[in-house]
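Student: next come a sequence and a model predicted from it.
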Amino acid sequence: MTAALSIRNLCKTYGNGFEALKGISLEVQQGDFFALLGPNGAGKSTTLGIVSSLVNKSSGDVEVFGHSLDKAHAQAKMCLGVVPQEFNFNQFEKVMDIVTTQAGYYGIGPRLARERAEFYLKKLGLWDKRNQVSRMLSGGMKRRLMIARALVHEPRVLILDEPTAGVDIELRRSMWAFLQDINRAGTTIILTTHYLEEAESLCRNIAIIDHGRIVKNTSIKALLQQLNTETIILDIDPPQGTLPALNGYQARLEDDHTLVVDVEKNQGLSGLFAELSQQRIEVQSMRNKANRLEELFVSLVDKNLKDEKSA
Amino acid sequence: MKPRELLIAFWTIVVKEIRRFMRIWPQTLLPPAITMTLYFIIFGNLIGSRIGEMGGFDYMEYIVPGLIMMSVITNSYGNVVSSFYGTKFQRNVEELLVSPIPNWIILCGYVVGGVARGVGVGLIVTLLSLFFTDLQVHHLFVTISIVLMTAVLFSLGGFINAIYANSFDDISIVPTFILTPLTYLGGVFYSIQLLPEFWQGVSMLNPILYMVNTFRYGILGVSDINIVFAFSMLLAVIAVLFSYSLYLLQKGKGIRS
Ligand SMILES: Nc1ncnc2c1ncn2[C@@H]1O[C@H](COP(=O)(O)OP(=O)(O)OP(=O)(O)O)[C@@H](O)[C@H]1O
Ligand SMILES: [Mg+2]
């Protein structure tokens, strides 16, 4: 099966001489839900910009469903829907006009364009606002407008550059559900995000990019398996002055009623609870320490930084 | 894209452009109507009656074609330069860049949008002029084709200006410092036969003179210049500007980093 997106040795040096991409290669399979992660300035938007013909590449190849951007750019563009990081619609146009105009750019006739616009504006909760000037929408609505606009020609790949930046939690969840829906219906989705939680709950595969290089390209599952230990925080009662002896577990007391335990993959938790109840220590609540993925992410990016410096 | 899809895409841009200048009509349609009415009253009626004849016609009759042409020129140029620069500035040019529309369709769409405003304002001014004088068209074909070609030429000029512009100042420099002087010196208000020989020669280098005079020839049947030469020159300039605009679009000048 041809890949939905195939990028080979992509390099980009901006006009001011800044080398934003230093040879990126990656593949996204059809039907995948793919995340591009990386710190600010890593080159995510540059990569997606080149894929969506907004940025000129310096060298390398990009193919969308086997259509080369150089040789068959019209076919490649037909397969792509793009939701950019920054708002880029005409602030003075009405919501409905923005979506139907975009449909027209893809050669979709006015009647079908209106039907599609209605369908996607309703799906994204913007139908009430269809006659409003886009400038008057809230930030979250503007972002959804860009999603509706990107879907109006029903692309096979949807590219979203930080779709949930500045979107409240409730809306974020509903946006996730929406994206999962269209992914299930067959649309390949590629997004960038700074929220690892988002990547973890939505995506199957990820690439981490830093300083214009891919530092990791793997599945979320494989990534999580790299994390051998999990850190758990327990609120205990009664308060303990000294660390209780917990056979085989790495533990420390944060304060007299907060116990922090590193649990290894093969250890399980029942042993820990057994030990605690033997010592008549009750667990009142329990939670995971801050996102484990985040720690892994930081360690990967740190490592890349050291490699860069030593190179 | 298939021919039908190309046509839809082209038409979408044209409709968007027309919607834009209709939406902001107090900035686009009203000012030329007011200015030109003032010209008709002040130059045509008040001062014109003292001047007497120009080129064998009432002064009013003589300047009406020039003023119509002046409106066509400024409005076709102004429409494309501000619309396309605005599209760049707000970044909604990206809507075009991500879509499969070929560059020549983008260019044609914007040019036809500019022609629509140029010709639309030209018509408004023509209608207004009927309150001041009788208008008879001598050569309909010459009249219509010179208006269309002039509008196309200045729409292309506006497009190139917008591509190079980096600020709102950049889009007013050319109209203020080049177009307006050339139009005023382009025989809108006088026949160059009034000028000393040397300045007649210099005037012949002004391309706008040829457009204004060809249009005047279409309406009144008199001209300071050779009509065939005027049409050939216009065609050549349009071809050059069109190719250059396409080249800039292809390169992504000013719109793709
Ligand atoms: N037009 C430009 N000219 C010069 N340098 C640029 C340009 N656009 C981006 N850059 C630089 O290229 C690098 C990568 O930028 P890019 O926008 O791709 O980062 P990003 O990964 O999307 O970051 P963020 O998470 O902040 O959106 C940055 O250092 C940025 O300063
Ligand atoms: Mg970015």
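Tutor: The structure has been received and is ready for your questions. Ligands and ions are numbered 1, 2, ... in the order given.

Student: which residue is nearest the middle of chain B?
Tutor: Chain B has residue B:73 as the residue nearest its centroid, 2.3 Å off, counting by CA atoms, centre = their mean.

Student: since we're on the residue nearest to that one when sequence neighbours are not counted, how many residues are nearby?
Tutor: Spatially, and ignoring its direct neighbours in sequence, residue B:73 is nearest to residue B:154 (5.2 Å; CB to CB, 6 or more residues apart in numbering or on different chains). C-betas here are computed from N, CA, C, even on glycine. A total of 29 residues lie near residue B:154 under the criterion other CB atoms under 10 Å in any protein chain shown.

Student: which secondary structure elements does the helix or strand where residue B:154 lies sit against?
Tutor: If you go by DSSP states H and E, residue B:154 is part of helix B:140-164. Applying 3 or more CB pairs under 8 Å, 6 or more residues apart in numbering or on different chains; DSSP states H and E, one finds that helix B:140-164 contacts helix B:59-89, helix B:103-129, helix B:170-174, helix B:207-220, helix B:227-251.

Student: and the angle for the longest one with helix B:140-164?
Tutor: This points to helix B:59-89. With axes from the mean of the first three to the mean of the last three CA atoms, to 10 degrees defining the directions, helix B:59-89 sits at 30 degrees from helix B:140-164.

Student: re the thing from before, in contact with the residue nearest to residue B:73, which residues?
Tutor: Going by CB atoms under 8 Å, 6 or more residues apart in numbering or on different chains, residue B:154 touches B:72-73, B:76-77, B:114, B:118, B:179.

Student: so residue A:15 sits against residue B:254, correct?
Tutor: No - here residue A:15 does not reach residue B:254: they are 11.4 Å apart, not a contact under CB atoms under 8 Å.

Student: higher neighbour count, these two?
Tutor: residue B:254 (17 against 7).

Student: what about that one, which SS state?
Tutor: Secondary structure for residue B:254, judged by DSSP: H, G, I helix; E, B strand; the rest coil, is coil.

Student: can you tell me, leaving aside adjacent residues, what's nearest to it?
Tutor: residue B:163 (4.8 Å).

Student: again, but for residue B:12
Tutor: Take residue B:12 and drop its neighbours on the chain: the residue closest to it by CB to CB, 6+ apart is residue A:104, 2.8 Å away.

Student: try residue A:216
Tutor: Nearest one to residue A:216, counting by CB to CB, 6+ apart, is residue A:208 at 4.2 Å.

Student: what do you get for residue A:180?
Tutor: residue A:202 (6.8 Å).

Student: circling back to that earlier point, between the contacts of residue B:154, identify the one with the most neighbours.
Tutor: residue B:76 leads the contacts of residue B:154 on contacts (other CB under 10 Å) with 32 neighbours.

Student: isn't that one right up against residue B:151?
Tutor: Yes - between residue B:76 and residue B:151 there is a contact under CB under 8 Å: 4.2 Å.

Student: can you list residues touching both of these two?
Tutor: B:114-115, B:118-119.

Student: TSV for those, including pLDDT and distance to ligand 1?
Tutor: Output for those, formatted as TSV (pLDDT from 0 to 100; distance: CB to the nearest ligand atom, whole Å):
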residue	pLDDT	distance to ligand 1
B:114	98	29
B:115	98	34
B:118	97	35
B:119	97	38
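
Student: and which of these is nearest chain A?
Tutor: The shortest gap between chain A and any of the shared contacts of residue B:76 and residue B:151 belongs to residue B:114, at 17.5 Å (CB to the nearest CB).

Student: distance of the closest one from residue B:208?
Tutor: Applying CB to CB, to the nearest Å, the value for residue B:114 to residue B:208 is 16 Å.

Student: so what's the residue of the stretch 101-250 of chain B found nearest ligand 1 closest to, chain neighbours aside?
Tutor: Nearest residue of the stretch 101-250 of chain B to ligand 1: residue B:166, at 13.4 Å (CB to the nearest ligand atom). Closest residue to residue B:166 in three dimensions, ignoring its sequence neighbours and counting by CB to CB, 6+ apart: residue B:254, at 7.7 Å.

Student: got the contact list for the residue of chain B found nearest ligand 2?
Tutor: Relative to ligand 2, the nearest point of chain B is residue B:257 (13.4 Å; CB to the ion). Listed by CB under 8 Å, 6+ apart, the contact set of residue B:257 reads A:14-15, A:55-56.

Student: residue A:80 too?
Tutor: Shown in contact with residue A:80 (CB under 8 Å, 6+ apart): A:51-52, A:64, A:155, A:157, A:159, B:98.

Student: angles on the backbone of it, please.
Tutor: phi -110, psi 140 (degrees, to the nearest 10).

Student: from residue B:207, how far out is it?
Tutor: 43 Å.

Student: with residue A:97 instead?
Tutor: From residue A:97 to residue B:207 the distance is 37 Å (CB to CB).

Student: tell me which of the two has more neighbours.
Tutor: Set side by side, residue A:97 and residue B:207 show more neighbours around residue A:97, with 20 against 16, by other CB under 10 Å.

Student: give me the nearest residue to the more buried one, chain neighbours excluded.
Tutor: Of all residues not flanking residue A:97 in the chain, residue B:19 sits nearest, at 7.3 Å (CB to CB, 6+ apart).

Student: helix or strand next in line after the strand or helix carrying that neighbour, which one?
Tutor: Assigned by DSSP H and E, residue B:19 belongs to helix B:3-23. Next in sequence after helix B:3-23, counting helices and strands by DSSP H and E, comes helix B:25-28.

Student: buried residues, that following helix. List them.
Tutor: Neighbour-count burial for helix B:25-28, counted by 16 or more other CB atoms under 10 Å in any protein chain shown, picks out residue B:28.
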